[in-house]
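**Q** need coordinates for the following:
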Amino acid sequence: MAKIEPFEEFTERYEEWFEKNRYAYLSELNAVKKLIPEGKGVEIGVGSGRFAVPLNIKYGVEPSLKMAKISKEKGIFVIRAVAEYLPFKDNSFDFCLFVTTICFVDDIDKSIKEAYRILRKEGKIVIGIIDKNSPLGVFYEKIKEKSPFYRYATFYSTEELTHILSQKGFGNFRYHQTIFKKLDDIKSVESVKEGYGEGSFVVISAEKL
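**A** Okay, the predicted model is just below:
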């Protein structure tokens, strides 16, 4: 069962995070942008379209009715579905994007397999995460029971996700990272660096082999 309850009940709180943490959001957006390839893409867990719209991604998958409605109003073609059962034909997309979504799926193996299926040969999967071993990841893990969102989350490290992706037929990995301070200390857009291990927000790109 998709973990949609907090996104249905606390939609406004979700949206407020992006306004309160605008510079962190823009930093994450810049990190994702560096690894988004050209071509036809879909965002899995498109939410309210905070990433799909500025990245010009036209298709989205979203299980939450309220979130899907917001994205549709922004011009995204949204299908209500879950990552484990994507309603697309094989080899349909050049890339698929997950941003802080993979921690909410029920079955990560099935979700990655589905992403692999809908990608064309040499298509890219792009995943943005809060690395569980990073300062922010450790903080979120510590307070997760107090959060209406993160109490449902399973956080992963960059190494764990790389291992899962490689087992599912992906390779040619690339990494970018940002968010080098505590959220309250971010007063301007953070830099984006290649690699991982320093920034709390990591973007992983991998190619369908």
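**Q** and residue 128, how many neighbours does it have?
**A** 22 (other C-beta atoms under 10 Å). Placement of C-beta: from N, CA and C, glycine included.
**Q** tell me the SS of it?
**A** strand (DSSP: H, G, I helix; E, B strand; the rest coil).
**Q** who does the spatially most central residue of the chain bridge with?
**A** Central residue of the chain (C-alpha atoms, centre = their mean): residue 99, 1.1 Å from the mean position. Per DSSP bridges, the residues bridged to residue 99 are residue 128.
**Q** isn't it up against residue 25?
**A** No - with contact defined as C-beta atoms under 8 Å, residue 99 and residue 25 do not form a contacting pair (10.4 Å).
**Q** C-terminal to the helix or strand bottoming out on mean pLDDT in the chain, what's the next element?
**A** Sorting the helices and strands of the chain by mean pLDDT, DSSP states H and E puts helix 5-9 at the bottom, at a mean of 65. Note on helix 5-9: by DSSP states H and E, the next helix or strand toward the C-terminus is helix 11-20.
**Q** pLDDT below threshold where in the chain?
**A** 1-10 (pLDDT under 70).
**Q** which stretches of it form strands?
**A** 41-44, 59-61, 77-79, 93-99, 119-130, 170-178, 193-194, 201-208 (DSSP state E).
**Q** can you mark which positions in the fifth one are buried?
**A** In other words, strand 119-130. By neighbour count on 16 or more other C-beta atoms under 10 Å, the buried set for strand 119-130 is 119, 123-130.
**Q** what about the spatially closest residue to residue 88 that is not a sequence neighbour, neighbour count?
**A** Nearest residue to residue 88, sequence neighbours excluded (C-beta to C-beta, 6 or more residues apart in numbering): residue 118, at 4.6 Å. Residues lying near residue 118 (other C-beta under 10 Å) number 21.
**Q** try residue 207
**A** Residue 207, neighbours per other C-beta under 10 Å, totals 19.
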